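1. Generate coordinates for the sequence data below:
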Amino acid sequence: MEQTKKLNMTAMSDKTNSNTTAKKEEPAWEHKVAMKVSGVSIAVNLLLSLFKLLAGIVAHSGAMISDAIHSASDVGSTFVVIVGVNLSSKKSDKEHQYGHERMECVSSIILSGLLLATGIGIGMNGIENIIKSTSGASIAIPGTLALIAAVVSIVVKEWMFWYTRSAAKKINSGALMADAWHHRSDAMSSVGAFIGILGARLGFPILDPIASVAICVLIVKASVDIFRDAIDKMVDHSCDEATEESMREVIMGVKGVKGIDLLQTRLFGSKMYVDIEISADGEIPLNEAHDVAENVHHTIEKNFKDVKHCMVHVNPVNEVNKKRDCPKYNRGLVFFY
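-> Okay, here's the model as predicted:
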């Protein structure tokens, strides 16, 4: 028993079957929500892009046609979201023992690429029209229908942003959140189109292609933000400081925990992995130390629903103190902080 007490004890909970079962049921619910939102998104974008395209052609508005292309690209991005969510919700298998959550990050990266290509295309078209106007070529003044289409687009796309964003936060889906910001960028591009069309009708036709360039900048920025977020989740980026501080408070509230020697977190797609080293009384039996670690494990999973895996390592507090007083330890051979 004395030898056992001197060992650093790594305690993984063996009683998490109920939690694991619950989490295996969760993706089915998440998948249902994601598919519902994606279906609504596809239907709305198809109707809206068709309406804006016709309005742009009839009303002679390059900005509105560009905006219609942007809305049409949202349909393709939503299909990418559907594929990503379907793949990421697959259960763990022999080849992928930690699950497939990162496939959602892959879909987000593809989505950012599509968004970037769309933005660059719109910007190049706008620059081309600006060059034509400066060379003396006439620019058609957009009609009233283009203004109406812009207002309709702003209202619909802003609603789609909040609708999709709410669902994304509910199921913690990075791909769905990327799709939400795709809707927001479309709403912003419609604002730019409205300004450009209105300016053109007031006697400043060059504002219409300038609006297309402004739309390009907004879309490119959105694509870069989506790409950076996806990369963070693929390279084991740590959780935010607020989340880690909340974890520390919860851990210290568990009976038997004397201190926290180490807390490491990493993002795994839409989920989190947590590694914890705690200090406990070195004189208590092994089974009691295991119970302390298990309570920490359960408490973390209970309070942080996005935690997929939590490992708790127990250090005897008296052993830690002895090491701290040892010159050899202080030279850095062993550290647990």
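2. Break down this structure into its strands, ranges please.
-> 9-11, 259-268, 271-280, 307-316 (DSSP state E).
3. which stretches of the stretch 101-250 of the chain have low pLDDT?
-> Confidence mapping of the stretch 101-250 of the chain against pLDDT under 70 gives the ranges 101, 136-140, 208.
4. Walking through it, point out its helices one by one.
-> Along the stretch 101-250 of the chain, the stretches classed as helices by DSSP state H, counting those that start in this stretch are 103-134, 144-171, 174-201, 207-234, 241-252.
5. quick one: the second one to helix 174-201, angle?
-> It refers to helix 144-171. Orientation of helix 144-171 against helix 174-201 (axes from the mean of the first three to the mean of the last three CA atoms, to 10 degrees) gives an angle of 160 degrees.
6. Quick check: buried residues in helix 144-171?
-> Of all the residues in helix 144-171, those buried under the rule 16 or more other CB atoms under 10 Å are 145-147, 149-150, 153-154, 156-158, 160-161, 163-165, 167-168, 171. Placement of C-beta: from N, CA and C, glycine included.
7. Now do it and helix 207-234, the angle between them.
-> Using the same axes, to 10 degrees: helix 144-171 against helix 207-234 is 10 degrees.
8. Residue numbering should commence at 58 henceforth.
-> Will do, 58 is the new start, and the previous item becomes helix 201-228.
9. highest average neighbour count across the helices of the stretch 158-307 of the chain?
-> Stretch with highest mean neighbour count among those: helix 231-258 (a mean of 25; mean count of other CB atoms under 10 Å).
10. which other helices and strands contact it?
-> helix 74-115, helix 119-145, helix 160-191, helix 201-228, helix 264-291 (3 or more CB pairs under 8 Å, 6 or more residues apart in numbering; DSSP states H and E).
11. how about CSV for these, with distance to G313 added?
-> Output for the helices and strands packed on helix 231-258, formatted as CSV (distance: least, CB to CB, whole Å):
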stretch, distance to G313
helix 74-115, 20
helix 119-145, 37
helix 160-191, 37
helix 201-228, 34
helix 264-291, 34
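12. Give the full set of residues in contact with F251.
-> For F251, the contact set (CB atoms under 8 Å, 6 or more residues apart in numbering) comprises L204, A207, V208, I211.
13. Show me the domain layout of this structure.
-> 74-291, 296-390 (automatic domain parsing).
14. between the helices and strands packed on helix 231-258, which one is nearest to D297?
-> helix 264-291 (10.6 Å; CB to CB).
15. Now do stretch 172-191: distance to the chain's middle.
-> 29 Å (CA atoms, centre = their mean, to the nearest Å).
16. Please tell me I have it right and G113 contacts I205.
-> No: at 11.7 Å, G113 does not count as touching I205 under the criterion of CB atoms under 8 Å.
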